[in-house]
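Peer 1: Here's a sequence, model it:
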Amino acid sequence: MAASPQFVGTARNATATLVNASGTTAQTLLTMGAAGGLIESLFLSSNDTISRNLTILLGDGSVDVLIDTVTIPAATAARPVVQVSLMDPYRWAWLDPNNVKWALAASRVVKIRMEAAVSASAQTSVIANYGEF
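Peer 2: Residues are numbered from 1 along each chain as shown. Predicted coordinates:
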């Protein structure tokens, strides 16, 4: 146990929107600060009319590792898929189901990418609520 426990000192929000032109290129969602931090929620919304797969990657500046690939259900422009939680403690076994938080070391980078491009005129957005020590 740390001699002096640390709590999140700076609240942050990060968003990334993937559109057709984004293709399957990974985009940076967030870069954790110099002292590390906690991701408290990670979710998405989409109005793509076709079911798509979204991949989450974690990088250290030189290597990206696969965290998960999730399936986003099909939606409509009038009724988007909203707030699909990506931090599922029953899928991500390292998360505590009673206190869902993802601790990240300093300067870690979370990236996202579509496995097939989003449909024309549609978008998928990923939102992270996190804090830095």
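
Peer 1: what helix or strand is the residue lying closest to residue 102 once chain neighbours are set aside on?
Peer 2: What sits nearest to residue 102 in space, not counting adjacent residues and going by C-beta to C-beta, 6 or more residues apart in numbering, is residue 39, at 4.2 Å. The C-beta positions use only the backbone N, C-alpha and C, and glycine is treated the same way. Element membership for residue 39 (DSSP states H and E) is strand 37-46.

Peer 1: list the helices and strands that strand packs on?
Peer 2: strand 52-59, strand 81-85, strand 102-104, strand 123-132 (3 or more C-beta pairs under 8 Å, 6 or more residues apart in numbering; DSSP states H and E).

Peer 1: What is the least confident helix or strand in this protein?
Peer 2: strand 81-85 (a mean of 81; mean pLDDT, DSSP states H and E).

Peer 1: what residues does it touch?
Peer 2: 41-47, 70, 72-75 (C-beta atoms under 8 Å, 6 or more residues apart in numbering).

Peer 1: Now the buried members of those.
Peer 2: In the contacts of strand 81-85, burial by neighbour count holds for 41-42, 44-47, 70, 72, 75, counting by 16 or more other C-beta atoms under 10 Å.

Peer 1: a markdown table for these, including pLDDT?
Peer 2: Formatted as a markdown table, these follow (pLDDT from 0 to 100):
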| residue | pLDDT |
| --- | --- |
| 41 | 95 |
| 42 | 96 |
| 44 | 94 |
| 45 | 93 |
| 46 | 95 |
| 47 | 94 |
| 70 | 94 |
| 72 | 94 |
| 75 | 92 |
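
Peer 1: Point out where this protein drops to low pLDDT.
Peer 2: 1-6, 77 (pLDDT under 70).

Peer 1: Geometric centre of it: which residue is closest?
Peer 2: Centrality entry for the chain: nearest residue to the mean C-alpha point is residue 42, 4.9 Å, by C-alpha atoms, centre = their mean.

Peer 1: what comes up buried for stretch 68-86?
Peer 2: For stretch 68-86, by 16+ other C-beta under 10 Å, it's 70, 72, 75, 80-81, 84, 86.

Peer 1: Over to stretch 120-133?
Peer 2: So for stretch 120-133, counting by 16+ other C-beta under 10 Å, buried means 122-128, 130-133.
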